[in-house]
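Enquirer: Okay, structure incoming, though there's no sequence with it:
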């Protein structure tokens, strides 16, 4: 017990404890802020990986659309409803039933 009281009365111990308390809870970069920054960082890194993957897929499809004639024909038929001279195109649209 005597040793504990001596430790508590030590001015360096009190200053160190006050410093740690200040740095952990009251400082601008406290522990909870650092945890929030780390979570945000991991979220942004995940988004970055997703968008880099999407960019790769888009670049591949662009390159494929520029140099592959069958891909060019598929895009023209699907998006722009183009057809050859000797064929008919039927556009089928699904109608959702109305709820009464």
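Expert: Looks like it arrived, so ask away. A quick note: this is a predicted structure, and the numbers were derived from the prediction, not measured.
Enquirer: Next, the buried residues of the worst-scoring helix or strand of the chain on mean pLDDT.
Expert: Least confident helix or strand of the chain, by mean pLDDT, DSSP states H and E, is helix 2-9 with a mean of 80. Residues of helix 2-9 classed as buried by neighbour count (16 or more other Cβ atoms under 10 Å): none. Heads up, the C-betas are built off the backbone N, CA and C, glycines and all.
Enquirer: and that helix, how far from the chain's centre?
Expert: Chain-centre distance of helix 2-9: 52 Å, with Cα atoms, centre = their mean, to the nearest Å.
Enquirer: need the next SSE after that helix, C-terminal direction.
Expert: helix 11-21 (DSSP states H and E).
Enquirer: how far away is the spatially most central residue of the chain from residue 84?
Expert: When Cα atoms, centre = their mean is applied to the chain, the residue found nearest the centroid is residue 47 (2.3 Å). Distance of residue 47 to residue 84, computed by Cβ to Cβ, to the nearest Å: 43 Å.
Enquirer: So which residues of this protein form helices?
Expert: Ranges of helices in the chain, per DSSP state H, are 2-9, 11-21, 31-67, 69-80.
Enquirer: quick one: contacts of stretch 56-63?
Expert: Contacts to stretch 56-63, defined as Cβ atoms under 8 Å, 6 or more residues apart in numbering, come from no residue at all.
Enquirer: change it to 10 Å
Expert: 71, 75 (Cβ atoms under 10 Å, 6 or more residues apart in numbering).
Enquirer: same deal with stretch 15-23?
Expert: Contacts of stretch 15-23 (Cβ under 10 Å, 6+ apart): 8, 10, 27, 29-31.
Enquirer: try 8 Å
Expert: residue 30.
Enquirer: tell me which residues in that stretch are buried?
Expert: Buried, per 16+ other Cβ under 10 Å, within stretch 15-23: nothing.
Enquirer: likewise stretch 93-100?
Expert: Buried, per 16+ other Cβ under 10 Å, within stretch 93-100: nothing.
Enquirer: For the remainder of this discussion, apply numbering that starts at 300.
Expert: Noted, 300 is the first residue going forward, which turns the last one into stretch 392-399.
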